[in-house]
Every structure is written in C-alpha cells, then in structure tokens.
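Asks: Just the structure for this:
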Amino acid sequence: MNSLEHHKKKLLQVFNPLKKRIGTSFERAQGGSVARAMLESKKYVPKAQVLRDLGAEVVKGDLNDKASVEAALKGAYGAFLVTNTWEHFSKEKEVCQGKLVADVAKNQGLKHVVYSGLENVKRLTNGKLEVLHFDGKGEVEEYFWSIGVPMTSVRVAAYFENFLGPLKPVKASDGDYYTLAMPMGDVPMDGISVADIGAVVCSIFNSPEEFVGKAVGLSAEALTMQQYADILSKGLGKEVRDAKITPEAYEKLKFPAAKEMANMCRFYQMKPDRDIKLTHRLNPKVKSFSQFISENQAALKNL
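Replies: Model prediction:
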C-alpha cells in the first residue's frame, strides 16, 4: 500500500464515523470556553446549559426556531454565536441560522454580538476557491453588518485540538514513524486552543468601542507542518514527519470533506489575517502549541 492510499484509509477511519458531527464538539467547546470566561469575570451571566452548575442561567435555544431564539435573547445585553456547518453539512442552513439570530438581535436591540465567523473565501477569490464552512460564516458576517447589528466577528485559527483528533499523526506504512497529512507546504498555519478563545471574547465584550464593526483574526502562533510535527514528536516520544502532501493529492483521497480541507489549506496558504499580537493582548495566558501538547499528554497516549 503506497503512502497516499495509507493516508486515505486512515482518514476514512476518522472521518466516516464523524460525517454528521465532525468538528461539532470543538464548535460547541467555543461556547463553553466563552461562558466559563464570562462567569469567571463575574460581569456577565451567560446562558449555557452545560454550565448550570457554575451558576449560569439556562435558556433553551434552537437556531432553527425563531421563537426559541427570541426567548433565549430576551433582555440580553449581547450574545456570543457559533454556527456549525459540520452538524448538517449545509452552508445554506448555516446561513439561515446566522441570519435568524441577526434579525432577532436587531429587533431586540442587543448592544453587542460576537460571532465566530470566517472569511467568505468564494467572494474573496472571485469564485476560484470554495470553502463552505468558511463561506457561510462570511455571508453571515456580512448580513449582521448590513442590517446594522453591533457585531464583532472573531475569525479563529485552526484548533490545536484537531491534532489530537481528525488531524492526528498517522502511523506510516513503511517505517516506525508517524506523519501529519496537511497540505500546507512550507507555509506556516495559524493555530489556537479552543479553551483559550473564551478569555479573548470576554475581553472583546469589555471593549465594544474598540471592536464593534470589526473582524478580529485569532491565533496563538503560526507554525509550519514540520514544526507541528517536531513538537508532537517530543510529546509522543516517537518521530513525526510532515507528509509533504499537496492540495491536489489530498483532495484525491476522497474521504468526506477532502476537497473542503484541501481548499481550506489553499486559502491558508494565502495567509489570511490572524493577529497573534492582538490575541495575546486579549488573552495574556493563551497557550503555544508546545504548552498545549504538554498539557494534553494523556490524549497523546491514545494516538
């Protein structure tokens, strides 16, 4: 079995069982991270069922049900919103959900919405690239601002947590080493831990005069795939190498979302704006990838 076929087999094993929910836990974790940061700040009262035991007020909301969104946002100062393409694999549905919240926020006069957005890649590249889980969020960003909702978009870098899950190192078929198959070439890829997003968002809520109407790119640091591999090597105690796979070869692996991921990396190679210095100002405790791996040794044992 050649190396590309080996990666295809391994990626199918990871992505097929998660076809309906890949990324879901990390997207939800953004909300948990934000809610925890707000509770700790004692300035805001977030509404998150998973944080009931931390003192949060719980209000059920369904992004597909206008009445429940209206009830959830009633009397709120602001809101943090995450939409998730990976739950349904539909850009159109994600856009509808985001626009629904935007309309309710407008009607109820919310003072500040922070949206976990991303660039509209299709528009920015004049249709040359399409990255559905970016493009939908980009359309929602544009809609929020077009109807006059005071909104800040946080454009989050790749999650460090993905290196312990969907993007984890794969045992090589031709030797006693592991490989990372992300088609980035030698271009550094920005990353951040989901757990560090909350404090950033809390800081943004605390400074509406600085951030309303803006898009903020978040990143703890930017590393090449080989640099990620080197850090993983130290954490695993085993050699990890960059597979040096191209976007063209990657999309031919034909596992669910292969083309989506390849186009995402093509866009990442264009170096979208992610502000490392600003991210560290908003959350001085933001972790590097090396720190993240040191704190997740137990998860590494399961790779």
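Asks: which secondary structure element contains Thr137?
Replies: I think there's a mix-up here, since residue 137 is Lys and not Thr. Assigned by DSSP states H and E, Lys137 belongs to helix 132-146.
Asks: In CSV, could you pull the C-alpha coordinates for that helix?
Replies: Extracted as CSV, the C-alpha positions of helix 132-146 are listed here (Å, rounded to 0.1, in the frame of the first residue of the first chain):
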residue,chain,number,x,y,z
LEU,A,132,-18.2,26.0,2.5
HIS,A,133,-17.6,26.2,6.3
PHE,A,134,-15.8,29.5,5.7
ASP,A,135,-18.1,31.0,3.1
GLY,A,136,-21.4,30.5,5.1
LYS,A,137,-19.9,32.3,8.1
GLY,A,138,-18.6,35.0,5.8
GLU,A,139,-22.1,35.6,4.4
VAL,A,140,-23.5,35.7,8.0
GLU,A,141,-20.8,38.3,9.0
GLU,A,142,-21.8,40.5,6.0
TYR,A,143,-25.5,40.2,6.9
PHE,A,144,-25.0,41.2,10.5
TRP,A,145,-23.2,44.4,9.5
SER,A,146,-25.6,45.2,6.6
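Asks: Please enumerate residues in contact with it?
Replies: For helix 132-146, the external contacting residues (Cβ atoms under 8 Å, 6 or more residues apart in numbering) are 23, 83, 85-86, 89, 91-92, 94-95, 98-99, 102, 105, 113, 115-124, 151, 153, 213, 215, 260, 264, 267. Heads up, the C-betas are built off the backbone N, CA and C, glycines and all.
Asks: Which of the residues you listed fall within strands?
Replies: In this view, the contacts of helix 132-146 that belong to strands under DSSP state E are 113, 115-117, 151, 153, 215.
Asks: What is the nearest of those residues to Gly175?
Replies: Ser116 (39.7 Å; Cβ to Cβ).
Asks: For the nearest residue to the closest one once chain neighbours are set aside, give me phi and psi.
Replies: Leaving aside its chain neighbours, Ser116 sits nearest to Val82 (4.5 Å; criterion: Cβ to Cβ, 6 or more residues apart in numbering). Dihedral angles of Val82 (phi, psi; degrees, to the nearest 10) stand at phi -120, psi 130.
Asks: Hmm, Val82 is touching Leu118, no?
Replies: No - look at Val82 against Leu118 with Cβ atoms under 8 Å: they stay out of range, at 11.4 Å.
Asks: which of these two has more neighbours?
Replies: Leu118 (25 against 21; other Cβ atoms under 10 Å).
Asks: Please name the residues that touch that one.
Replies: 133-134, 137-138, 141, 155-156.
Asks: I'd like to know which of the residues you listed is nearest to Glu248.
Replies: Phe134 (19.7 Å).
Asks: So the closest one versus Ile245, what's the distance?
Replies: 21 Å (Cβ to Cβ, to the nearest Å).
Asks: and if you look at Ala158?
Replies: For Ala158, the distance to Ile245 - Cβ to Cβ - is 16 Å.
Asks: go on, Ala215?
Replies: 30 Å.
Asks: Can you pick out the residue with more neighbours from the two?
Replies: Ile245 (23 against 18).
Asks: Next, the more buried one: phi, psi?
Replies: The phi/psi pair for Ile245 (degrees, to the nearest 10) is phi -80, psi 140.
Asks: Thr125 too?
Replies: phi -100, psi 10.
Asks: Not counting sequence-adjacent ones, nearest residue to it?
Replies: Phe267 (7.6 Å).
Asks: the strands in this protein, which residues?
Replies: Going by DSSP E, the chain shows strands at 78-81, 112-117, 151-156, 158-159, 170-171, 178-180, 189-192, 215-218, 221-223, 240-242.
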